[in-house]
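A.B. asks: got a sequence here, can you build the structure:
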Amino acid sequence: MWRGKPEVPRMADLPPSRLRLFKPAFHSTGVDCFGPYNIRVGRRSEKRWGIIFKCMTTRGVYLDLLNSIDTDSFLMSLRRFVSRRGTPCELLSDQGTNFKSGQRELKEAFAALQPTLQSLLAKQQIKFRFNPPGAPHFGGTWEREIRSLKAALHTTLGGQSVTEEVLRTVLTEIEGILNSKPLGYVSADVADVDPVTPNCLLMGRPDSSLPQVVYPASEMLTSKRWRHSQVLADHFWSHFIRRYLPSLQPRSKWTKDTDNLQAGAVAMIVDQHLPRALWPVGVVSHTTAGADGRIRSATVQVKDRAYTRPVSRLIRLPALPEDNKTD
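C.D. replies: Residues are numbered from 1 along each chain as shown. Next comes the predicted model:
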């Protein structure tokens, strides 16, 4: 019991959200908040938070600034995101109260519409998918991007307090840098094909700081702009499938199969904020399986409370004696 460790299941295959091929950017989007950061407003100091929307397939990012971390700020930021990048099919996030409350308010607003409008807008509803509590690795795609932008912010601003306009400008420039990162391996041979970037699909060119490429008339299929944009999109997806997608398949860790955690099993919940002797112990009441059939999260009943945690935060224990179960 004192030396037990969680049994992490074998790494799953790529989820459908990572494979939305030939779909618009931000079709499946991960969202998270970061901060706070101090800004100067006159002679006083105030806090601002950042929010990141990350395309799960093309790895494009959209950054915005929040005045607070509440539901209203999140919904207004979501409206700005939808106006600029389009309505996503699904939003993936952690169990933040602002995200949960935002989903509830959107559902209530949709239910208040007339039936005719509901039928017309049903296809534009956003599906919210929440990760289990205490499972940051479930959102590793956007958590790693937050690490990159925090490093860029630290390099740019350091510890100084700036105005809100400066902070917003820096975030926008960092967004352009992150969207200019190449997808996949970058070859040192100039004869090799250049890797694609998220900006190739978002802007039609790999880098926002470069001028628009002028194609000769002989290379254009037609003078119509929509056909030109279609050629660029086809170029992006062909390189994405051939050169970048295969690099996502190897499993770097969690390569061994483990026995699935079953309902009725006794488990200890790992809590890094408490000493091991105080970690709660309970009975697994419900399990949630992934697309591959392996159990990824479970609900543990500890006395009168239920805790939902990933399997990587649960330690399987021997069954309790019958006399302890009845107490």
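A.B. asks: pull the CA atoms of the helix ranked longest in the chain into CSV?
C.D. replies: Taking DSSP state H as the criterion, the chain has its longest helix at helix 140-157. Output in CSV follows, covering the C-alpha atoms of helix 140-157 (Å, rounded to 0.1, in the frame of the first residue of the first chain):
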residue,chain,number,x,y,z
GLY,A,140,-1.4,18.2,-23.3
THR,A,141,-1.9,19.7,-26.8
TRP,A,142,-2.8,23.1,-25.4
GLU,A,143,-0.9,22.9,-22.1
ARG,A,144,2.4,22.6,-24.1
GLU,A,145,1.4,25.6,-26.2
ILE,A,146,0.8,27.6,-23.0
ARG,A,147,4.4,26.7,-21.9
SER,A,148,5.7,28.1,-25.2
LEU,A,149,3.8,31.4,-25.0
LYS,A,150,4.8,31.8,-21.3
ALA,A,151,8.4,31.5,-22.3
ALA,A,152,7.9,34.1,-25.1
LEU,A,153,6.2,36.4,-22.6
HIS,A,154,8.9,36.1,-20.1
THR,A,155,11.5,36.8,-22.8
THR,A,156,9.7,39.8,-24.1
LEU,A,157,8.4,41.4,-20.9
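A.B. asks: contact partners of it?
C.D. replies: Contacts with helix 140-157, where a contact means Cβ atoms under 8 Å, 6 or more residues apart in numbering, come from 18, 30-32, 34, 37, 50, 52, 54, 56, 59, 61, 63, 136-137, 167, 170-171, 174, 177-178. All C-beta atoms are positioned from the backbone trio N, CA, C, and that covers glycine.
A.B. asks: can you say which of these are buried?
C.D. replies: With burial judged by 16 or more other Cβ atoms under 10 Å, the buried subset of these is 30-32, 34, 37, 50, 52, 54, 56, 59, 61, 63, 167, 170-171, 174, 178.
A.B. asks: which of those residues fall within helices?
C.D. replies: Mapping the buried ones among the contacts of helix 140-157 onto helices (DSSP H) picks out 167, 170, 171, 174, 178.
A.B. asks: which one is the fourth one nearest to, not counting chain neighbours?
C.D. replies: Which is residue 174. If you skip the residues right next to it in sequence, residue 174 has residue 152 as its closest partner in space, 4.7 Å away by Cβ to Cβ, 6 or more residues apart in numbering.
A.B. asks: can you get me a residue count around that neighbour?
C.D. replies: Summarising burial for residue 152: neighbours were counted as other Cβ atoms under 10 Å, giving 17.
A.B. asks: what's the spacing between it and residue 185?
C.D. replies: Note on residue 152: its distance to residue 185, by Cβ to Cβ, to the nearest Å, is 22 Å.
A.B. asks: try residue 269
C.D. replies: Counting by Cβ to Cβ, the gap between residue 269 and residue 185 amounts to 40 Å.
A.B. asks: go on, residue 296?
C.D. replies: 30 Å.
A.B. asks: more neighbours: which of these two?
C.D. replies: Legend: neighbour count by other Cβ under 10 Å for residue 296 and residue 185, higher for residue 296 (22 against 10).
A.B. asks: of all the residues in the helix or strand hosting that one, which ones are buried?
C.D. replies: Assigned by DSSP states H and E, residue 296 belongs to strand 295-302. In terms of neighbour count (16+ other Cβ under 10 Å), strand 295-302 has its buried residues at 295, 296, 297, 298, 299, 300.
A.B. asks: now flag whichever of these is closest to residue 274.
C.D. replies: Checking the buried residues of strand 295-302 against residue 274 by Cβ to Cβ gives residue 300 as the nearest, at 15.0 Å.
A.B. asks: does the closest one touch residue 270 like I think?
C.D. replies: No - with contact defined as Cβ atoms under 8 Å, residue 300 does not reach residue 270; the gap is 11.1 Å.
A.B. asks: spit out the residues that contact those two alike.
C.D. replies: Shared contacts of residue 300 and residue 270, defined by Cβ under 8 Å, 6+ apart, comprise 309, 314.
A.B. asks: can you give me the helices in the stretch 101-250 of the chain?
C.D. replies: When secondary structure is read from DSSP state H, counting those that start in this stretch, the stretch 101-250 of the chain shows helices at 115-121, 140-157, 164-178, 198-202, 225-239.
A.B. asks: select, out of these, the one closest to residue 98.
C.D. replies: Taking Cβ to Cβ as the criterion, helix 140-157 is the member of these that comes nearest to residue 98, at 15.4 Å.
A.B. asks: please spell out which residues along the closest one are buried.
C.D. replies: Neighbour-count burial for helix 140-157 [16+ other Cβ under 10 Å]: 141, 142, 143, 145, 146, 149, 152, 153.
A.B. asks: give me the mean pLDDT for that helix.
C.D. replies: Along helix 140-157, the predicted local confidence has a mean pLDDT of 85.
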